[in-house]
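*Asks:* have a look at this prediction, sequence included:
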Amino acid sequence: MDFEMVMQELQALGKERIKKTYISNGAHEPLFGVATGAMKPLAKKIKIDQPLAEQLYATGNYDAMYFAGIIADPMTMTEADFERWMDGAYFYMLSDYVVAVTLAETDFAQVVADRWIESGEELRMSAGWSCYCWLLGNRPDGEFSAKKIASMLDQVKNRIHDSPDRTKSAMNNFIYTVGISYLPLHDKAVETAKAVGPVEVRRGKKKSSILFASENIQKDLDRGLLGFKRKNVRC
């Protein structure tokens, strides 16, 4: 399928109700309002197509950009490509659920994520922390330095309440992910979650959300999910 055909397919799948939901979360025109699940049949037809993914991402259309992440080939992308994609990621559903997810399938994911965490830019920081969540939730524990992850937990504890809102959310999720998916530091993650306490995240015109990493960890412990790993990063 070529670019025009894919855009036509996505437009046909759009729903006004879903479009309004995406807009309420920060998306803006152009977009069609395509449910992520509705993209799966189209993705199965195309599979992996990096040139097409680049065309779609460059449109600025949220649905096309999201679909680009599904069909992208991370192993052919460079660090510069990911920086360019981040430049176009104008809200968290792109930074955290498209760019960070795709980055997590590369061999240089930690290098780029570390750079973004220290960037001082809200969405780059959010994507950096989110990338570690995708990594820790999928890869074997042995691929990570326990000393490094412990230092990152300390960084979260010291900085989270003074960080931008989207970064706060990703940092809070990092505590949870370490607590459930990275066994070597489960206890430290639990201690960190208790020390951090409730995290308030403002959501524009919506009511602020109060996040509790400790409660989320305990809920999944009760469900027997300690040590949980995703089979795949991308759907």
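*Replies:* Arrived safely. None of the values given here were measured: they were computed from a predicted structure.

*Asks:* pLDDT weak spots in the chain?
*Replies:* Applying pLDDT under 70 to the chain flags residues 235.

*Asks:* what are the ranges of the helices in it?
*Replies:* Here the chain has its helices, by DSSP state H, at 3-13, 16-24, 40-46, 50-57, 62-71, 79-88, 92-94, 100-103, 109-117, 122-136, 146-159, 165-181, 186-196, 213-222.

*Asks:* please identify the most buried of those helices.
*Replies:* helix 100-103 (a mean of 28; mean count of other CB atoms under 10 Å). C-betas here are computed from N, CA, C, even on glycine.

*Asks:* helices or strands next to that helix in the packing?
*Replies:* Packed against helix 100-103 by the contact rule (3 or more CB pairs under 8 Å, 6 or more residues apart in numbering; DSSP states H and E) you find helix 79-88, helix 109-117, helix 122-136.

*Asks:* residue 158 is nearest to which of these?
*Replies:* The stretch from the helices and strands packed on helix 100-103 with the least distance to residue 158 (CB to CB) is helix 109-117; that distance is 13.2 Å.

*Asks:* which one is the most centrally placed residue in the chain nearest to, not counting chain neighbours?
*Replies:* Compute the mean C-alpha point of the chain, and by CA atoms, centre = their mean the closest residue is residue 96, 2.7 Å away. Using CB to CB, 6 or more residues apart in numbering and skipping residues adjacent in sequence, the residue nearest residue 96 is residue 130, 4.1 Å away.

*Asks:* distance check, the one you found against residue 4.
*Replies:* Residue 130 sits 32 Å away from residue 4, going by CB to CB, to the nearest Å.

*Asks:* if we can go back for a sec, the residue nearest to the centre of the chain reaches residue 170, doesn't it?
*Replies:* Yes: using CB atoms under 8 Å, residue 96 is in contact with residue 170, at 6.4 Å.

*Asks:* shared neighbours of the two, anything?
*Replies:* The contact sets of residue 96 and residue 170 overlap at 126, 127, 130 (CB atoms under 8 Å, 6 or more residues apart in numbering).

*Asks:* what's the separation between the last one and residue 104?
*Replies:* This points to residue 130. From residue 130 to residue 104 the distance is 9 Å (CB to CB).

*Asks:* same thing with residue 159?
*Replies:* Using CB to CB, residue 159 is found at 22 Å from residue 104.

*Asks:* got it, and residue 190?
*Replies:* 24 Å.

*Asks:* now swap in residue 82 and tell me
*Replies:* Relative to residue 104, and taking CB to CB, residue 82 is found at 11 Å.
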